[in-house]
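> quick one, structure for this:
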Amino acid sequence: MDFGSGAVKITPACDAADFAIAGRHNLEIIKIMDGNAVINENGGVYRGQDRYEARRNIVKDLEKAGYLIKIEDYSHNIGRCYRCKTDVEPAVSAQYFVKVAPLAKTAVAAVVKGDTKLIPAMWDATYFEWMNNIRDWCISRQIWWGHRIPLWTCEGCGEVIVQTDDPAACPKCEGRQLRQEEDVLDTWFSSALWPFTTLGWPDDKPAVRTFYPTSLLITGFDILFFWVARMMMMGLYIMKDVPFRHVYLHALVRDAHGDKMSKSKGNIIDPLEMIDRFGADAFRFTLAAFTAQGRDIRMSEERIEGYKHFVNKIWNAARLCMMNLEGYPDGPVSVNREEYSLADRWIRARLNDTIADVTQSLDEYRFNDAAAHLYRFIWQEFCDWYLELIKPVLYGKDNPAARLAAQETMITVLRSSLELMHPFMPFVTEEIWQKISKSGPSIMVAPYPTVDERFRDDAAERDMGLLMEIIGSIRNIKGEKGISPSKKLRALVTTEEKELLPLLQSGTGYIVNLARLESLSIVPAGEEPKNAATGVAGPVKVFVVLEGRLETSSEKARLEKEMAKIEKELAQVNRKLENPDFWQKAAQAVIDKEEAKARALNERYDILQEALRKL
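Below is the predicted model:
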């Protein structure tokens with residue numbers, strides 16, 4: 001026989017693929033090992049030897065007879081027992097099977113029709129691949145613990161009896177010597193019945209009628225076939241309906257380097273230890289913040305610690321709010337709409353937007369997006385901006401109506417923020433809510449915030465956005481020039497858009513306070529001061545008057561750096577706008593937003609270019 005002649009060894013009793021080949025070709029199945037992996041009578045001279053010993057002796061005998069040409073190392077998969085790590089030897093044995101192909105068809109159809117939705121949808125293909133190529137399910141296990149298979153054999157006539165209750169006698173010969181099968185059911189078999197057995201099935205109980213099917217199942221993607229698919233098949237067969245409407249498949253939690261956690265690697269992050277160190281709220285929020293659909297979570301202590309700072313931020317913000325409620329009524333508060341400042345109107349509008357964004361994200365199971373919306377709103381907009389904007393009003397006594405409006409807005413936004421955050425941080429939100437709310441026994445049963453159309457305010461968002469951009473421009477100039485943020489300098493602003501002048505005048509107080517200025521002047525377009533660093537905020541030019549002579553070289557470098565940043569942003573926007581697919585697939589509102597962004601970037605670039613030219 002020559003090499004490449006097509007000869008291949010077949011061991012049907014020792015390999016699943018070979019067993020299938022033997023079935024197609026009617027080959028004899030010869031077992032050579034007993035249950036203890038010792039060579040049996042079919043092993044010839046190796047009978048009675050342990051499998052490892054027999055293999056070594058076979059190699060020696062081949063070598064002695066001159067049949068062994070060479071020995072090479074190669075890699076292949078060897079099954080190992082997950083408990084004792086013993087090498088597993090495939091073997092032929094009598095087992096019980098369930099014919100599941102007909103059940104799988106209905107389970108596939110349920111997902112195709114949308115009766116059950118897998119989230120994220122990328123798992124549909126995996127589910128269909130498994131279910132369309134499913135094999136009979138071996139449900140018997142030879143272990144000590146489990147549900148014994150409800151099957152009895154009559155010792156007298158050999159009749160096999162299958163029923164739910166213990167039989168008293170053989171229905172065929174009436175013999176009473178019955179032996180129950182010692183094998184137990186596969187754990188996934190009983191788990192597959194979980195959606196309805198936990199509700200009291202097979203009895204017709206109210207819980208079964210009320211809670212089957214359930215709305216949502218959350219589980220790991222790694223048991224989509226082992227558990228989810230089997231619950232689908234069992235539910236459709238027994239209950240004639242899917243067991244759940246939505247299945248959210250979360251990813252695996254890995255270490256900071258993306259490696260799977262294991263004791264042998266020593267990279268396990270113990271949740272209880274993390275909770276002791278950083279708090280349950282920080283740990284929960286970390287998991288939510290990194291739970292992007294279809295992506296594994298890379299967990300690290302540094303990330304958990306970062307969100308502990310967020311918990312502290314919420315606590316300190318709540319303390320600030322409660323410390324500034326002097327004179328605030330205990331009962332209902334009525335504030336005329338005209339008493340709300342621009343800052344009040346802006347934060348209420350932003351709260352509305354955040355409620356809408358968080359609600360939509362949760363409805364779509366995008367938990368990381370919901371967490372990101374809350375983080376940005378509470379830390380950046382409420383704490384860093386709004387509370388700073390209203391401090392002069394809270395600390396002042398000269399305008400009681402404006403102070404009451406600020407207090408009412410502050411508490412309303414804080415309460416709603418806590419209610420939005422409660423599913424993510426249940427403990428700190430409950431603690432604070434109990435101190436500021438008198439509307440119920442617990443935040444847990446408080447109504448979840450909904451959008452209030454009365455507080456939609458595009459104008460306030462636009463106007464405050466421009467003032468914040470001006471403040472940011474002044475802060476950037478100070479930072480780039482190495483000037484202390486608390487150093488009070490003079491600043492000037494100018495614009496060719498006259499309709500913005502009332503906003504600049506009314507917003508002067510906000511700009512002076514938050515940008516730490518000595519003064520802010522609004523000058524006519526074209527009047528540009530000397531010895532000033534230039535910035536831009538939309539259609540507004542910003543000038544910060546520097547002490548001493550302006551260093552032309554450093555100012556040139558600063559402007560060029562800012563222009564390069566704008567060029568990079570503009571290139572990204574233009575790539576989108578030049579892409580035909582973007583125009584065909586994107587919503588008109590998204591296209592309009594990108595076009596407006598391009599115009600604003602071009603406008604900023606032109607202003608900086610003009611300032612650079614004048615140096």
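> ok, residue 63 - contacts?
Under the criterion of Cβ atoms under 8 Å, 6 or more residues apart in numbering, residue 63 has no contact partners. Heads up, the C-betas are built off the backbone N, CA and C, glycines and all.
> secondary structure element for it?
helix 51-65 (DSSP states H and E).
> against residue 49, how distant is the most far-flung residue of the chain relative to its centre?
What lies farthest from the middle of the chain is residue 65; by Cα atoms, centre = their mean that is 62.8 Å. For residue 65, the distance to residue 49 equals 18 Å [Cβ to Cβ, to the nearest Å].
> what's the answer for residue 445, then?
Residue 445 is 70 Å from residue 49, by Cβ to Cβ.
> of the two, who's got more company?
residue 49 (16 against 7; other Cβ atoms under 10 Å).
> list the contacts for the nearest residue in space to that one that is not next to it in sequence?
Nearest non-adjacent residue to residue 49, counting by Cβ to Cβ, 6 or more residues apart in numbering: residue 39, 5.1 Å away. For residue 39, the contact set (Cβ under 8 Å, 6+ apart) comprises 32, 33, 46, 47, 48, 49, 50, 51, 54.
> list the contacts for the third one?
I take that to be residue 46. Contacts of residue 46 (Cβ under 8 Å, 6+ apart): 39, 54, 57, 58.
> and with 6 Å instead?
By Cβ atoms under 6 Å, 6 or more residues apart in numbering, residue 46 lies in contact with 39, 54.
> per-residue pLDDT, it?
Residue 46 carries a pLDDT value of 95.
> ok, now how distant is it from residue 56?
Separation of residue 46 from residue 56 (Cβ to Cβ) stands at 10 Å.
> residue nearest the centroid of the chain?
Mean-position check on the chain, Cα atoms, centre = their mean. Result residue 291 at 1.8 Å.
> in contact with that residue, which residues?
367, 368.
> secondary structure element for it, which one?
Assigned by DSSP H and E, residue 291 falls within no helix or strand.
> likewise for residue 583?
Per DSSP H and E: helix 580-585 holds residue 583.
> what packs against the helix or strand immediately after that helix in the chain?
With elements assigned by DSSP H and E, the helix or strand that comes after helix 580-585 is helix 588-614. With contacts defined as 3 or more Cβ pairs under 6 Å, 6 or more residues apart in numbering; DSSP states H and E, helix 588-614 has these neighbours: strand 532-537, helix 552-577.
> out of these, nearest to residue 501?
Closest to residue 501 of the helices and strands packed on helix 588-614 is strand 532-537 (Cβ to Cβ; 14.4 Å).
> check contacts around residue 478.
Here residue 478 is in contact with residue 485 (criterion: Cβ under 6 Å, 6+ apart).
> which parts of the stretch 351-500 of the chain are helices?
In the stretch 351-500 of the chain, the helices defined using DSSP state H, counting those that start in this stretch lie at 367-375, 387-395, 400-421, 426-436, 458-480.
> model confidence over the third one, on average?
Going back to what we said before, that points to helix 400-421. Across helix 400-421, the per-residue pLDDT values average to 96.
> phi first, then psi, for residue 138.
Here is the backbone geometry of residue 138 (degrees, to the nearest 10): phi -80, psi 110.
> buried ones in stretch 344-359, by neighbour count?
For stretch 344-359, burial by neighbour count (16 or more other Cβ atoms under 10 Å) applies to 344-355, 357-359.
> ok, and what's touching that stretch?
So stretch 344-359 is contacted by 370, 373, 377, 381, 386, 405, 409, 413, 416, 420, 449, 451, 455-457, 460-461, 464 (Cβ under 6 Å, 6+ apart).
> flag the shaky bits of the stretch 251-400 of the chain, pLDDT-wise.
For the stretch 251-400 of the chain, the stretches with pLDDT under 70 are 264, 293-294.
> what about the helices and strands packed on helix 588-614, which gets the closest to residue 170?
Nearest to residue 170, of the helices and strands packed on helix 588-614 and by Cβ to Cβ, is helix 552-577 at 76.9 Å.
> tell me where the stretch 201-350 of the chain has strands.
Remark: strands assigned in the stretch 201-350 of the chain by DSSP state E, counting those that start in this stretch are 214-220, 244-250, 253-254, 297-298.
> make CSV out of the ones you listed and add distance to residue 582 and mean neighbour count.
As requested, the strands of the stretch 201-350 of the chain are exported to CSV (distance: least, Cβ to Cβ, whole Å; neighbours: other Cβ atoms under 10 Å):
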stretch, distance to residue 582, mean neighbour count
strand 214-220, 34, 13
strand 244-250, 30, 19
strand 253-254, 34, 17
strand 297-298, 31, 17
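> residue 111 is nearest to which of those?
Distance to residue 111, taken as Cβ to Cβ, is lowest for strand 244-250 among the strands of the stretch 201-350 of the chain, at 9.1 Å.
> which other helices and strands contact that closest one?
Using 3+ Cβ pairs under 6 Å, 6+ apart: strand 244-250 touches strand 117-119, strand 214-220.
> each with direction, which strands does it pair with?
strand 117-119 (parallel), strand 214-220 (parallel) (DSSP bridges).
> neighbouring contacts of it?
Strand 244-250 is contacted by residues 117-119, 123, 213-218, 220-221, 228, 365 when judged by Cβ under 6 Å, 6+ apart.
> tilt between it and helix 367-375?
Strand 244-250 runs at 80 degrees relative to helix 367-375, counting by axes from the mean of the first three to the mean of the last three Cα atoms, to 10 degrees.
> tabulate the strands of the stretch 201-350 of the chain in a markdown table, adding columns for distance to residue 151.
Output for those, formatted as a markdown table (distance: least, Cβ to Cβ, whole Å):
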| stretch | distance to residue 151 |
| --- | --- |
| strand 214-220 | 30 |
| strand 244-250 | 31 |
| strand 253-254 | 41 |
| strand 297-298 | 44 |
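> what about those, which gets the closest to residue 332?
strand 214-220 (36.3 Å).
> let's see that closest one as CSV, backbone CA atoms only.
Output of strand 214-220 as CSV, limited to C-alpha atoms (Å, rounded to 0.1, in the frame of the first residue of the first chain):
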residue,chain,number,x,y,z
THR,A,214,-42.5,36.1,30.6
SER,A,215,-41.4,39.3,29.0
LEU,A,216,-37.7,39.0,29.4
LEU,A,217,-34.9,36.5,30.0
ILE,A,218,-31.4,37.7,30.8
THR,A,219,-28.6,35.2,30.5
GLY,A,220,-25.1,34.6,29.1
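> average pLDDT across it?
On average, strand 214-220 scores 94.
> please apply the same query to stretch 74-84.
83.
> now do stretch 146-159
Stretch 146-159 comes out at a mean pLDDT of 92.
> if we only consider the contacts of residue 39, which is nearest to residue 282?
Of all the contacts of residue 39, residue 51 has the smallest distance to residue 282: 52.3 Å, by Cβ to Cβ.
> what about the closest one, neighbour count?
Neighbour tally, residue 51, other Cβ under 10 Å: 17.
> picking up where we left off before, what residues of the helix holding residue 583 count as buried?
Result for helix 580-585 [16+ other Cβ under 10 Å]: no buried residues.
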